[in-house]
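Asker: build me a model from this:
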Amino acid sequence: MTTLSPEARAFLDRMGWGMAKPSPVAGDASARNYTRLHLTDDYSAVLMQTPKSEIKSQAAFRDVAAYLRGLGLSAPTVFGEDADAGFLLVEDFGDQTYSAILDQGLTHEVEIYRTAHDLLAVLARTGAMGGLPILAAAELARLTAVTFEELPEDHALKSEQAAFQNDLQGLSTWILRGVPVTVLRDFHAGNLIWLPDRTGLQRAGVIDFQDALCGPKGYDLVSLIDDARRDLSLELRTTLIRDHAHILNISEDDMILRTSLLSLQRNFRILGLFRRLARTGKTGYLRHMPRVAAHILRALDHPTLAPLATTARAICAHYLQSNADHAPRGAMIMAAGFGTRMGALTKTTPKPLLRVAGRALIDHALDVARAGHAAPCVINTHYHANQMRHHLRKDEVILSEEQPEILESGGGIRHALRYFSDTAIFTLNSDNVWTGPNPFATLSAAWRPTEMDALMLLIPRDKATGRQGDGDLGLDASGRILFDDPQKPYVFTGAQILKTAPIAAMDIPKFGLRMLWETLAREGRLFGVIHQGGWADVGHPEGITSAEELLATEKVALT
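Answerer: The predicted model follows:
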């Protein structure tokens, strides 16, 4: 039950909303508090309560909202205000954020993202609202300080701050020259609300713009397409960059450079902000770190940003590793299966020894484990176990042979638990290949053992090379696995972190992991994180060719 303070009640009485029934609304990273007020079943408003330390942001919200509505855009109407007490009563746009819409599969991302882009086009063509703080090159550079400040006191990278910020300021002065625009700053899927009863670009409702600035064109586009909290299809991202170049009347190459620089600056700052929020107890932000780092690394692919690359890459590596200090060390590679989908190819050869790009599948899996510094590394065997033993004879691995019968995925892990001393382990299927960030690094960065019993590495279905059939599962807004999601937008990549206790508690020798996963999902202890690179399923003959094509065209950076 939501309880309002006497001061809030008095304010609502003055506004004619004293009889409204309160209910909570999800907050953000700020100290502001939000309450939904139901005057009738179909008429509600939102009470914003701003602490005195942030009271200036309340006036900014009111003024920017009026400015946006004056442009014909959907920003909440302000019904009433008590500036001294920090109360603002505003129009309720509801809960259908872009994130919620996409999680529910209620509409296609192209429609809603294009509508958001149409809104940005209006801002780009209008010029900047008067009276806003200016986000110039020097301020863009200064804002990255938090990421250096969150490093340990004696960390060597702290000494790189001045040079990094000077280089960033210099590049920003050159690349971002031109007439500034109104920058809403946090223009992402969680702050955009879909209003289907409205028409045109008014269907995109905006909130959380009290920190608006006068800044460079393209900043809000980057907030939208390089979202820290969710992935956008590469095709749509490319289309929106191209369309925005047309709106700004610049070349596509210039737009790519502009978005690369802004994405680097914004996401570099977010790394430090998320770490700072985690120190205050908001640890949920840490699960987004791998995606934020991936945005930075993609931006650094642009050669013009080379002066920033060494420091930025080292910072990303530090943050991901420090996130992973509590992660497992041991790994189990699943390699005991019969490979029946491979047909004649596995009649006399175990599937892990089939060759992809000139190397056995098991060796690709070992690359992941070695780069992730897994120790011990255990491999289970059964089918043609002698061939597996011969192939791995020079590798520093432990073989867990399952005889006389195969124990399935869960039983195989349970059988091998005697080799592990940690409370959690990595597991990795041997019939997949990866490109991009090391799967173990991504899992480690997102692992929160107090909340999780298992963390699965996922990839969007449309990015799953060689995948046959539909996806496997969905995710809710907190990152929990949903097996009953009708859209099933994600595929399990075969990599995960798994606590050993639930496995050890199983009192049967032979069982599949799905049984355990479903139990953990019901208990709210099964989570997922998205792989930011490429992935291929090599569980069927056609998968070999598609995996080789993936490895030939994409960078392999498993370190």
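Asker: now do the residue lying closest to His540 once chain neighbours are set aside against Leu73, distance only.
Answerer: Take His540 and drop its neighbours on the chain: the residue closest to it by CB to CB, 6 or more residues apart in numbering is Arg341, 4.7 Å away. To be clear about C-beta, it is placed using only N, CA and C from the backbone, and glycine gets the same treatment. Separation of Arg341 from Leu73 (CB to CB, to the nearest Å): 52 Å.
Asker: try His155
Answerer: For His155, the distance to Leu73 (CB to CB) stands at 44 Å.
Asker: who has more neighbours out of those two?
Answerer: Higher neighbour count among His155 and Leu73: Leu73, with 18 against 15, using other CB atoms under 10 Å.
Asker: contact partners for that one?
Answerer: For Leu73, the contacting residues are 119, 122, 201-202, 204, 206, by CB atoms under 8 Å, 6 or more residues apart in numbering.
Asker: highest neighbour count among those?
Answerer: Using other CB under 10 Å as the neighbour test, the contacts of Leu73 are led by Leu119, with 27 neighbours.
Asker: how much space separates that one from Leu224?
Answerer: Applying CB to CB to Leu119 and Leu224 gives a distance of 10 Å.
Asker: for Thr259, same thing?
Answerer: For Thr259, the distance to Leu224 - CB to CB - is 10 Å.
Asker: Ser260 too?
Answerer: 15 Å.
Asker: got it, and Trp434?
Answerer: Counting by CB to CB, the gap from Trp434 to Leu224 is 28 Å.
Asker: between those two, which one's more packed in?
Answerer: Comparing Trp434 with Leu224 by neighbour count (other CB under 10 Å), the higher total belongs to Trp434, at 30 against 24.
Asker: pretty sure that one contacts Ala371?
Answerer: No: assessed by CB atoms under 8 Å, Trp434 is found out of contact with Ala371, at 10.2 Å.
Asker: inside helices: which ones of the contacts of Leu73?
Answerer: Assigned to helices by DSSP state H, the following of those qualify: 119, 122.
Asker: need the contacts of Leu73 in CSV with distance to His188 and pLDDT, can you?
Answerer: Converted to CSV, those look like this (distance: CB to CB, whole Å; pLDDT from 0 to 100):
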residue, distance to His188, pLDDT
Leu119, 13, 97
Val122, 18, 97
Leu201, 17, 94
Gln202, 19, 96
Ala204, 12, 97
Val206, 11, 96
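Asker: downstream of the helix of greatest length in the chain, the next helix or strand is which one?
Answerer: When the chain is parsed with DSSP H, its longest helix is helix 252-279. Per DSSP states H and E, the first helix or strand lying C-terminal to helix 252-279 is helix 289-299.
Asker: output that next one in PDB with nothing but the alpha carbons.
Answerer: What follows is helix 289-299 as a C-alpha-only set of coordinates in PDB (Å, rounded to 0.1, in the frame of the first residue of the first chain):
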ATOM      1  CA  MET A 289      27.700  -3.200 -18.100                       C
ATOM      2  CA  PRO A 290      28.500  -5.600 -20.900                       C
ATOM      3  CA  ARG A 291      26.200  -3.800 -23.300                       C
ATOM      4  CA  VAL A 292      27.500  -0.400 -22.400                       C
ATOM      5  CA  ALA A 293      31.100  -1.600 -22.900                       C
ATOM      6  CA  ALA A 294      30.000  -3.100 -26.300                       C
ATOM      7  CA  HIS A 295      28.700   0.300 -27.400                       C
ATOM      8  CA  ILE A 296      32.100   1.800 -26.500                       C
ATOM      9  CA  LEU A 297      34.100  -0.800 -28.300                       C
ATOM     10  CA  ARG A 298      31.900  -0.500 -31.500                       C
ATOM     11  CA  ALA A 299      32.400   3.300 -31.400                       C
END
